[in-house]
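**Q** Next come a sequence and a model predicted from it.
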Amino acid sequence: MSAASRGLIARLRLLSTGPRLPFPLYQSFSAEPLIGAGEYEPSGGGGRVIEAKPGVMSPNSRRTGAIAVKCGMTALWDKWGARIPITVLWLDDNIVSQVKTVEKEGIFALQIGAGQKKEKHLTKPEVGHFRVQGVPLKRKLREFPVTEDALLPVGTPITVRHFVPGQYVDVTGITRGKGFQYCALYMSICYY
């Protein structure tokens with residue numbers, strides 16, 4: 001049975017009219033949260049509840065970023081025939097895995113997780129972190145500082161629709177080690 005049909009069967013099972021349990025009985029491998037909003041809170045409350053609501057961002061708002069994998073490069077041509085080099089990035093199942101607020105952590109930030117990873121390849125504290133937040137297990141975790149008006153609830157998927165066409169973005173990457181070639185490139189950058 002393919003993964004797509006298993007996911008479809010699991011979703012159909014959720015739509016059935018059976019009794020609702022306070023927690024899910026299966027592992028989901030998608031960007032959707034495992035626990036619905038307001039169904040189960042293991043910490044017992046006391047924190048701020050972040051809800052998804054439409055709002056207007058100000059010019060000083062700072063939104064969250066995304067974790068992507070570089071697939072390669074290609075080119076596009078504009079109407080005058082000028083070549084525009086582009087980088088192709090793959091957003092691998094990004095999801096908000098934790099919300100940090102000033103009341104608890106002293107900063108407004110969102111922790112974003114990307115990719116999938118099996119439980120046996122994670123440490124017990126990492127697995128516990130994902131279980132407490134109620135999100136699927138993720139390969140990469142990064143924290144992005146945001147403003148208060150840009151907070152998103154836990155479990156919100158970050159897709160390409162998070163960005164708008166023509167928007168400028170800052171990219172930070174990790175390069176593969178290239179031995180002496182990388183060192184020479186680094187030195188040429190330093191001397192100019």
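**A** Thanks, I have it.

**Q** Any regions of the protein where pLDDT drops low?
**A** 1-47, 52, 54, 179-192 (pLDDT under 70).

**Q** Show me the strands in it, by range?
**A** 68-77, 83-91, 94-100, 109-114, 140-145, 157-158 (DSSP state E).

**Q** between the third one and strand 109-114, how many degrees?
**A** So that's strand 94-100. Angle, strand 94-100 to strand 109-114, by axes from the mean of the first three to the mean of the last three CA atoms, to 10 degrees: 150 degrees.

**Q** residues contacting residue 83?
**A** 75, 76, 77 (CB atoms under 8 Å, 6 or more residues apart in numbering). Quick note: C-beta positions are derived from backbone N, CA and C, even for glycine.

**Q** Residue 77: how many residues sit nearby?
**A** When neighbours are counted by other CB atoms under 10 Å, residue 77 registers 9.

**Q** I meant to write residue 134 there.
**A** Count around residue 134 with other CB under 10 Å applied: 20.

**Q** And for residue 113?
**A** Residue 113: 27 neighbours (other CB under 10 Å).

**Q** Equivalent analysis for residue 111, please.
**A** For residue 111, using other CB under 10 Å, the count is 20.

**Q** Now residue 135: closest residue in space, sequence neighbours ignored.
**A** residue 97 (4.9 Å; CB to CB, 6 or more residues apart in numbering).

**Q** can you tell me how far that neighbour sits from residue 60?
**A** Remark: distance between residue 97 and residue 60 (CB to CB, to the nearest Å) = 26 Å.

**Q** ditto for residue 72
**A** For residue 72, the distance to residue 60 equals 35 Å [CB to CB].

**Q** What of residue 105?
**A** 21 Å.

**Q** on that earlier part again, my guess is the residue nearest to residue 135 contacts residue 133. True?
**A** Yes - applying CB atoms under 8 Å, one finds residue 97 in contact with residue 133, separated by 5.6 Å.

**Q** if I look at these two, which residues touch both of them?
**A** With CB under 8 Å, 6+ apart as the test, residue 97 and residue 133 both reach residue 154.

**Q** ok, those two, which is more surrounded?
**A** Comparing residue 97 with residue 133 by other CB under 10 Å, the one with more neighbours is residue 97, at 25 against 21.

**Q** Now do the contacts for that one.
**A** Residue 97 neighbours (CB under 8 Å, 6+ apart): 111, 112, 113, 129, 130, 133, 135, 138, 141, 154.

**Q** Where neighbours are concerned, which of those residues has the most?
**A** residue 113 (27 neighbours).
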